[in-house]
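K.L.:
Here's a sequence, model it:
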Amino acid sequence: MKFGLSVLSTVLLCSIDLGRSFTVKPQQNSVPRSSTALAAEESSNDDSSPKDPLLIRAARGESVERTPVWMMRQAGRHIAEYRDLCKQYPTFRQRSEIPDVAVEVSLQPWRNYQTDGCILFSDILTPLPGMGIEFAIDEKKGPVCEPMRDWDSLKKMHTIDPTSAAPFVAEALRTLRETVTPETAVLGFVGCPYTLATYLVEGGTSKEYLEIKKMMFMEPKLLHAMLKNLADSLADYACFQIESGAQLIQIFDSWAGHLSPRDYDEFAAPYQKLILDKVKEKHPEVPTVIYIKHSGALIERMASTGVDVVSLDWTVDMAEGRERIKNARAKAGLEGVGGVQGNLDPAILFGDQATIKDRAHEILKKAGPTGHVMNLGHGIEAATSEENAKFFIETVRNFRH
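P.N.:
The predicted model follows:
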């Protein structure tokens with residue numbers, strides 16, 4: 001698959017020009033009264049009046065008054081307000097790189113559902129231009145870029161300076177921290193080196209990942225060099241998000257689930273750990289989360305990185321997942337049992353509300369009262385009704401162990 005630079009340039013220039021023509025200001029002071037009242041009730045029931053949001057304390061494994069909840073991809077296509085905004089800002093990069101727009105999109109699910117986490121609306125590819133790699137996001141095909149498959153193309157990469165490369169991310173995070181209530185956690189995220197490398201080598205999305213696997217087996221030194229470059233920049237970018245206001249960092253190695261355990265150990269895990277170690281070195285108080293789709297065979301390996309929370313997909317039983325994480329951490333010499341996030345099948349939100357409640361309660365009971373952040377096992381589907389998304393959040397917020 002080949003994509004011309006002229007096409008990419010045209011898309012990017014259009015994004016920039018259109019972005020200058022519009023402004024959207026996030027709605028201020030729009031927290032529903034019921035949310036404020038619940039937060040006040042929770043605060044009054046806790047004599048310590050903790051400074052940190054509920055979700056952050058849960059991710060650290062502290063005792064909490066209830067299980068916090070948010071949804072991966074909660075900001076986006078399933079919300080009517082977002083679809084309306086797309087008419088004014090037709091490209092994804094406009095919506096994620098114009099600070100006022102990114103803030104508004106980030107706030108929509110928090111306002112509508114009272115989620116305990118408000119995640120920055122962005123993309124795992126956002127830092128790439130700061131590393132010398134341009135990309136575009138086709139609304140139907142997804143990300144596209146010039147494939148990088150030799151040493152000459154690798155020479156184009158350089159270390160990111162997040163301050164100059166992504167000032168819009170810092171502005172959006174600062175605004176979110178100023179806008180949400182103190183009980184709400186502002187969440188940042190980065191993609192992991194292997195997953196970003198799949199886009200760079202394949203030139204976009206892929207089903208089989210044959211090009212990167214060919215590089216893996218034919219030119220492993222080239223792939224390792226690319227992964228190391230990505231890891232150094234992504235670690236800096238994660239720390240930049242924290243310094244701009246993010247209170248938790250989730251790392252996504254979405255496509256590492258396509259690797260065999262041996263290849264995961266060589267091409268994914270070491271570079272995940274480079275990011276996690278640098279974040280913990282600079283910001284030891286900030287919880288970290290890792291998510292990999294179809295990761296049932298990799299749970300022990302994920303837990304062994306030292307990450308604070310392993311986000312399970314829906315193919316893993318919650319009780320079994322917790323036990324496997326605990327055992328893996330003990331074997332690796334890590335303190336504590338480790339936290340867990342997830343893991344309702346997103347498709348259950350297409351069912352009736354009795355089923356949603358039953359399945360959510362089952363997960364909450366299996367996870368237990370500490371060290372659990374409720375979430376979906378993958379991102380919310382675009383066709384999900386807002387009514388059922390809200391019901392899911394309310395179900396979790398009302399549950400008590």
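K.L.:
May I ask you to name the longest strand in the chain?
P.N.:
Longest strand of the chain, by residue count under DSSP state E: strand 185-191.
K.L.:
by contact count, what packs against it?
P.N.:
helix 54-59, strand 117-119, helix 167-179, helix 220-244, strand 248-252 (3 or more Cβ pairs under 8 Å, 6 or more residues apart in numbering; DSSP states H and E). To be clear about C-beta, it is placed using only N, CA and C from the backbone, and glycine gets the same treatment.
K.L.:
Would you mind saying which of those lies nearest Tyr271?
P.N.:
Ranking the helices and strands packed on strand 185-191 by proximity to Tyr271 (Cβ to Cβ) places helix 220-244 first, at 4.3 Å.
K.L.:
So for the closest one, what gets flagged as buried?
P.N.:
222-224, 226-227, 229-242, 244 (16 or more other Cβ atoms under 10 Å).
K.L.:
Now do that helix, average pLDDT.
P.N.:
For helix 220-244, mean pLDDT is 98.
K.L.:
now swap in stretch 84-99 and tell me
P.N.:
96.
K.L.:
do the same with stretch 175-183
P.N.:
98.
K.L.:
where's that stretch relative to the chain centroid, distance-wise?
P.N.:
18 Å (Cα atoms, centre = their mean, to the nearest Å).
K.L.:
before we move on, back to that, of all the helices and strands packed on strand 185-191, which one is nearest Lys140?
P.N.:
Of these, nearest to Lys140 by Cβ to Cβ is strand 248-252, at 21.7 Å.
K.L.:
what pairs with that closest one, and is each one parallel or antiparallel?
P.N.:
strand 185-191 (parallel), strand 288-291 (parallel) (DSSP bridges).
K.L.:
okay if I get those strands as a markdown table plus distance to Gly336?
P.N.:
Putting the strands paired with strand 248-252 into a markdown table (distance: least, Cβ to Cβ, whole Å) gives the following:
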| stretch | distance to Gly336 |
| --- | --- |
| strand 185-191 | 20 |
| strand 288-291 | 13 |
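K.L.:
can I get these in CSV with mean neighbour count?
P.N.:
Output for the strands paired with strand 248-252, formatted as CSV (neighbours: other Cβ atoms under 10 Å):
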stretch, mean neighbour count
strand 185-191, 25
strand 288-291, 24
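K.L.:
how about those strands, which one is nearest Ala102?
P.N.:
strand 185-191 (12.2 Å).
K.L.:
what's the angle between whichever helix or strand comes after that closest one and strand 185-191?
P.N.:
Using DSSP states H and E, the helix or strand that follows strand 185-191 in sequence is helix 193-202. Calculated by axes from the mean of the first three to the mean of the last three Cα atoms, to 10 degrees, helix 193-202 forms an angle of 50 degrees with strand 185-191.
K.L.:
which ones are touching the residue nearest to Ala197 when sequence neighbours are not counted?
P.N.:
Sequence neighbours aside, Met226 is the residue nearest to Ala197 in space, at 5.5 Å (criterion: Cβ to Cβ, 6 or more residues apart in numbering). Neighbouring residues of Met226 by Cβ atoms under 8 Å, 6 or more residues apart in numbering: 148, 154, 157, 193, 197, 200-201.
K.L.:
Pro53 now?
P.N.:
68, 116, 182-185, 247.
K.L.:
Endpoints of stretch 144-164, how far apart?
P.N.:
23 Å (Cα to Cα, to the nearest Å).
K.L.:
and if you look at stretch 331-342?
P.N.:
23 Å.
K.L.:
Buried residues, that stretch. List them.
P.N.:
334, 337-342.
K.L.:
returning to that earlier point: how about the longest strand of the chain as CSV, C-alpha atoms only?
P.N.:
The C-alpha trace of strand 185-191 is given here as CSV (Å, rounded to 0.1, in the frame of the first residue of the first chain):
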residue,chain,number,x,y,z
ALA,A,185,-9.2,12.2,37.2
VAL,A,186,-7.7,13.7,34.0
LEU,A,187,-6.2,10.9,32.0
GLY,A,188,-3.4,10.9,29.4
PHE,A,189,-2.2,8.2,27.1
VAL,A,190,0.5,7.1,24.7
GLY,A,191,0.8,4.3,22.2
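K.L.:
Just the CA trace of stretch 362-376, in CSV.
P.N.:
The C-alpha trace of stretch 362-376 is given here as CSV (Å, rounded to 0.1, in the frame of the first residue of the first chain):
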residue,chain,number,x,y,z
GLU,A,362,-20.6,-9.9,38.0
ILE,A,363,-17.3,-8.2,37.1
LEU,A,364,-17.5,-5.8,40.1
LYS,A,365,-18.0,-8.7,42.5
LYS,A,366,-15.2,-10.8,41.0
ALA,A,367,-12.8,-7.8,41.0
GLY,A,368,-13.4,-7.0,44.7
PRO,A,369,-13.4,-3.6,46.4
THR,A,370,-9.8,-2.5,46.0
GLY,A,371,-7.5,-2.1,43.1
HIS,A,372,-10.1,-2.1,40.4
VAL,A,373,-11.1,0.5,37.8
MET,A,374,-14.2,-0.5,36.0
ASN,A,375,-14.1,-0.1,32.2
LEU,A,376,-15.0,-1.9,29.0
